[in-house]
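Trainee: any chance you could fold what I've pasted below:
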Amino acid sequence: MKYLCLIYDEEKNYLTMSRAQGEALMGEYFAFTKDIRQSGHFLEGNDLQPVKSATTVRVRNGRMSTTDGPFAETKEQLGGYYLIEAKDLNEAIQVAARIPSAKLGSIEVRPIQEHNM
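Mentor: So this is what the prediction gives:
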């Protein structure tokens, strides 16, 4: 099964990290990604631009509107994702627990609902 691991953390924490802390965290991410590539769990992954670059789109009564920024103010922001392959939810959770940001924020694990289109 495919699972999407959504990485949530506080962007402001990255702004206050020292260069050494930031490089150490990125080193953990590179090592984690290499490991899940080798194990066969990795399908895709990316980080996202800062939340200030987001645009929220809504259509109400046939009219489109856009708002700069995220839909809602939250303590943690979506910062990136991994799309993984795992035999079941338990295995997906075990993989997600190793994502470095799990120590700083949270990882939401959701099964992919595939459609034959």
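Trainee: what's the pLDDT at S65?
Mentor: S65 carries a pLDDT value of 92.
Trainee: again but with H115, I slipped
Mentor: What the model reports as pLDDT for H115 is 89.
Trainee: is it true that it lies in a strand?
Mentor: No. Judged by DSSP: H, G, I helix; E, B strand; the rest coil, H115 forms no part of a strand; its state is coil.
Trainee: from A24, how far out is the nearest residue to G40 once chain neighbours are set aside?
Mentor: Take G40 and drop its neighbours on the chain: the residue closest to it by CB to CB, 6 or more residues apart in numbering is E85, 6.8 Å away. In this view, the C-beta of every residue, glycine as well, is placed from N, C-alpha and C. Between E85 and A24 the computed distance is 28 Å (CB to CB, to the nearest Å).
Trainee: looking at these two, which is more packed in?
Mentor: E85 (17 against 12; other CB atoms under 10 Å).
Trainee: so the more buried one sits against I36, correct?
Mentor: No. E85 is beyond contact range of I36, at 9.5 Å (criterion: CB atoms under 8 Å).
Trainee: now do the buried residues in the helix or strand harbouring L4.
Mentor: According to DSSP states H and E, L4 maps onto strand 2-9. Neighbour counts over strand 2-9 (16 or more other CB atoms under 10 Å) mark Y3, L4, C5, I7, Y8, D9 as buried.
Trainee: and the nearest residue to the last one once chain neighbours are set aside, how far from M17?
Mentor: Spelled out, it's D9. In space, D9 comes closest to G105 once its chain neighbours are excluded; the distance is 2.8 Å by CB to CB, 6+ apart. As defined by CB to CB, G105 lies at a distance of 13 Å from M17.
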